[in-house]
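>>> sequence and predicted model, in that order:
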Amino acid sequence: MATNEEIADKLREVYNLMQLAGENRFRAIAFDRAAQTIESLSDPVQQYIENKNLTDLKGVGKSIAEDIYTFEETGSMPVLEHLKEKVPAGLVKWLNISGLGPKNILKIHKELGITEVDELKKACEDGRVAKLPGLGKKSAGKIVKSIEWLQQFGERCLLSEAASIAQPMKDFLNQQPGVKQIEVAGSLRRSKETIGDIDILVAAEPDDAEKIFDAFVNHDLVVDVLGRGDTKSSIRTGEGRQVDLRIVSEKEYPAALIYFTGSKEHNVVMRQRARSRNMSLNEYGLFGLTGEGETDFDQPVDFASEEDIYRRLDLHFIPPELREDRGEFDFFEENETFPLIELNDVCGVVHAHSTWSDGKYTIEKMARACMEKGYEYLGISDHSRTAAYAGGLSIDEVQKQWEEIDQLNEKLIEEGADFVVFKGIESDILSDGSLDYPDEILDGFDFVIASVHSGLEMPQEQMTERFMKAIEHPAVQMIGHPTGRLLLRRDGSKLDMNKLIDWAAQHNTAIEINANPWRLDMDWRHGNLALEKKLLTSINPDAHSIDGIDDIRYGVMIARKAKFGKERVLNTLSAKKFRKWLES
DNA sequence: GCCGTTTTCGGCCCGACTGTTTTCAGTCG
């Protein structure tokens, strides 16, 4: 039984290989669209396979449906197998090289008979690539550079890293004369968990653009200027990240902001909506059509903001985080607004470690840091005894820690501080789904977060049952980082999140959004189902240090992307209400 | 390959930038 993700992966593989095989572009794109649809389904695709109604899905026609049925029955997809015979596997990696697309990949491969990235680099360096028609010395040089960047830094970086580059760059540009409006756009504005390029959009008079671009390409962070035009310039930073700056007029700014925020898929739907309403949407604005159905720049449609443009397309404003073409269009046709959680709504810090296990600071230091940052409470949750590698607490240590927390709380009351420390534990879920302490100890905690830290490779069904058993346990209020993934480093465990969300919602158990930028787990892609089932979450920094507490902001970004309003996020409750919820 | 309140065929988002070219193809977002 293949999961949605596995089937989407297969279709995307077809898409990649078709591009490299020089197939009709639109035929290839059709597979990508189908993959996109299946990926964003909140129901298991198995239902559609069993009911033989796959073609009900947008972008899945008779042919692709047949491919999927065959894959389900035989475990292989003829169209894919056929492509694999035609296209050497090594070439797929070439698609990640920026500046090199399918057409040139095919040309280089055919003419030079090479398939591996290392061979490509060599062929660029020794002049063979430059001799090919349509390519030259500069192209070859760019390919070499791209390969080197890719090998050194990878294609994408964490959300936190991108934010730490974009913010100072934005602040710097905002001080430049002539900058009227500025916003970080692209996947960073959409709060994707990993980021490729950083996009910054500026509104300014055309006369001021040159000076702003000068300032941009000469910024301290810049180590390489990739391009410099009248409206767009691109640079590379020392961290290996590409930053694109676009400058548009104030009038164009709202349309450009939508355009450069994306996602690509969201924009495609926006343009189609414009088309079906006899208009054309592009990065400059919304326009009427000529008699031939072409964009008529002499017929601009008025707008002053992103909201206006959405309204013209019969939609309510769609927050940037939700622009992924994963159901937001239907949602915002019906709903006027949907209040998403904001950083200010978070009142307490839940899931933090101290020197009792593998944290860097004492409970008191962590508590005082939380107070200083304006929080009302700290939920300490050190590791349980099985997590010996992380200094997990023995039963004896648990009881000593409780005493320490009681004393600290008394001290805080004496000081008149309006702050409380909750006694929690991050209990390992053992391989049979049981927890790490006897029930009478578990009952002594204010809260229990149940997490998996070992046996991550378990088969999906067994892993899902392991979690379900933990969810059922009356002492457990929250599940920690469900998949255990580390972004860009390690895939998460295989588990049926649909089942887990349903089960957790039924048992009034929350599933945390672990805000550590390496994790951001549970994944935002489960947001639609979580909303439907009214699942609760808690935005937990999993802080091992004082700085780590501030990771909450990345968790909030992901929670917004997953359509959480504050009423479904436990640590937006006041200390009093949080305690009440824990006791219920 | 998918899709249809103008369509079962003929479209499928569209403009900037670059490099290799002398009018354009490839790539990107």
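Everything's here; your move.

>>> straight-line length of stretch A:475-485, end to end?
Criterion CA to CA, to the nearest Å; first-to-last residue distance in stretch A:475-485 is 25 Å.

>>> report pLDDT for residue A:122.
Note on residue A:122: pLDDT of 92.

>>> which strands or helices does the host helix or strand of it pack on?
Here residue A:122 is covered by helix A:117-125, with elements defined by DSSP states H and E. With contacts defined as 3 or more CB pairs under 8 Å, 6 or more residues apart in numbering; DSSP states H and E, the packing partners of helix A:117-125 are helix A:91-94, helix A:102-112, helix A:137-153. The way it works is simple: take the backbone N, C-alpha and C, and place the C-beta from them, glycine included.

>>> flag every buried residue along the longest one.
When burial is assessed from 16 or more other CB atoms under 10 Å, helix A:137-153 yields the following buried residues: A:139, A:140, A:142, A:143, A:144, A:145, A:146, A:147, A:149, A:150.

>>> same question, stretch A:245-253
Quick answer for stretch A:245-253 (16+ other CB under 10 Å): A:245, A:246, A:247, A:248, A:249, A:252, A:253.

>>> check stretch A:548-557 too.
Buried residues in stretch A:548-557 (16+ other CB under 10 Å): A:548, A:549, A:551, A:552, A:553, A:554, A:555, A:556, A:557.

>>> phi first, then psi, for the closest residue to DNA strand B within the stretch 351-500 of chain A.
Going by CB to the nearest atom of the strand, DNA strand B is nearest to residue A:488 of the stretch 351-500 of chain A, at 17.3 Å. Backbone torsions for residue A:488, taken as degrees, to the nearest 10, come to phi 70, psi 0.

>>> chain center to the helix holding residue A:122: distance?
33 Å (CA atoms, centre = their mean, to the nearest Å).

>>> with stretch A:44-52 instead?
27 Å.

>>> what mean pLDDT does that stretch have?
Per-residue scores along stretch A:44-52 average to 89.

>>> list the residues that contact residue A:39.
A:4, A:5, A:8, A:525 (CB atoms under 8 Å, 6 or more residues apart in numbering).

>>> remind me which residues of the stretch 151-300 of chain A are low pLDDT?
Low-confidence segments of the stretch 151-300 of chain A (pLDDT under 70): A:291-292.

>>> kindly recompute the last result at 50.
Nowhere does the stretch 151-300 of chain A drop to pLDDT under 50.

>>> which residue ranges form the helices in it?
For the stretch 151-300 of chain A, the helices defined by DSSP state H, counting those that start in this stretch cover A:159-174, A:186-189, A:206-217, A:253-261, A:264-276.

>>> contact residues of the stretch 51-200 of chain A facing DNA strand B?
Neighbours of DNA strand B within the stretch 51-200 of chain A, by CB under 7 Å from any atom of the strand: A:55, A:57-65, A:79, A:97-105, A:130, A:133-140, A:142, A:186, A:196-197, A:199.

>>> would you mind giving me the PyMOL syntax to select the buried ones in the residues you listed?
PyMOL command restricting these to the buried ones, with burial defined by 16+ other CB under 10 Å:
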select buried, chain A and resi 57+59+60+64+65+79+97+98+100+102+104+105+130+135+139+140+142+186+196+197+199
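
>>> for chain A, which helix is longest?
Ordering each helix of chain A by length in residues (DSSP state H) puts helix A:395-415 first.

>>> neighbouring contacts of that helix?
A:356, A:363-364, A:367, A:380, A:382, A:385, A:393, A:419-421, A:423, A:425, A:437, A:441, A:444.

>>> buried subset of those as a PyMOL selection?
In PyMOL, a selection of the buried entries from the contacts of helix A:395-415 looks like this (16+ other CB under 10 Å):
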select buried, chain A and resi 356+363+364+367+380+382+385+393+419+420+421+423+425+437+441
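
>>> what is the lowest-pLDDT residue among the contacts of helix A:395-415?
Out of these, that is residue A:385, at 90.

>>> so how far is residue A:479 from that one?
19 Å (CB to CB, to the nearest Å).

>>> helices along the stretch 1-150 of chain A, start to end?
A:4-20, A:25-39, A:45-50, A:62-74, A:78-86, A:91-94, A:102-112, A:117-125, A:137-153.

>>> is DNA strand B contacted by the third one?
Read that as helix A:45-50. No. Taking CB under 7 Å from any atom of the strand as the criterion, helix A:45-50 and DNA strand B are apart, separated by no less than 12.8 Å.

>>> one more: the second one?
Yes. Using CB under 7 Å from any atom of the strand as the criterion, contacts between helix A:25-39 and DNA strand B involve A:26, A:27, A:29, A:30, A:31, A:33, A:34.

>>> can you pull the buried residues of that helix?
A:28, A:30, A:31, A:32, A:33, A:34, A:35, A:36, A:37, A:38, A:39.

>>> before we move on, the earlier item: now do the contacts for the residue of the stretch 351-500 of chain A closest to DNA strand B.
Residue A:488 neighbours (CB under 8 Å, 6+ apart): A:154, A:156, A:157, A:158, A:194.

>>> quick check: can you list the domain ranges of chain A?
If you go by automatic domain parsing, the domain ranges for chain A are A:4-153, A:157-248, A:262-334, A:343-583.

>>> out of these, which one sits most buried?
domain A:343-583 (a mean of 20; mean count of other CB atoms under 10 Å).

>>> report the secondary structure element holding the one residue in the stretch 301-450 of chain A that gets nearest to DNA strand B.
In the stretch 301-450 of chain A, the residue that lies nearest DNA strand B is residue A:325 (11.5 Å; CB to the nearest atom of the strand). Following DSSP H and E, one finds residue A:325 outside all helices and strands.

>>> can you tell me the closest non-neighbouring residue to it?
Ranked by CB to CB, 6 or more residues apart in numbering and with sequence neighbours excluded, the top spatial neighbour of residue A:325 is residue A:265, at 3.8 Å.

>>> per-residue pLDDT of the residue located most distally from the centre of chain A, please?
What lies farthest from the middle of chain A is residue A:414; by CA atoms, centre = their mean that is 43.8 Å. Per-residue pLDDT puts residue A:414 at 96.

>>> do residue A:345 as well
98.

>>> residues contacting it?
A:566, A:569, A:572.

>>> can you check residue A:202 too?
Counting by CB under 8 Å, 6+ apart, residue A:202 has contacts A:173, A:179, A:180, A:181, A:182, A:212, A:245, A:246, A:247, A:248.

>>> ok, 10 Å please
A:170, A:173-174, A:176, A:178-183, A:208-209, A:212-213, A:216, A:245-248, A:253, A:256 (CB atoms under 10 Å, 6 or more residues apart in numbering).

>>> check residue A:472 too.
So residue A:472 contacts A:433, A:503, A:504, A:506, A:507, A:509 (CB under 10 Å, 6+ apart).

>>> do that again at 8 Å, thanks
Taking CB under 8 Å, 6+ apart, one finds A:503, A:507 in contact with residue A:472.
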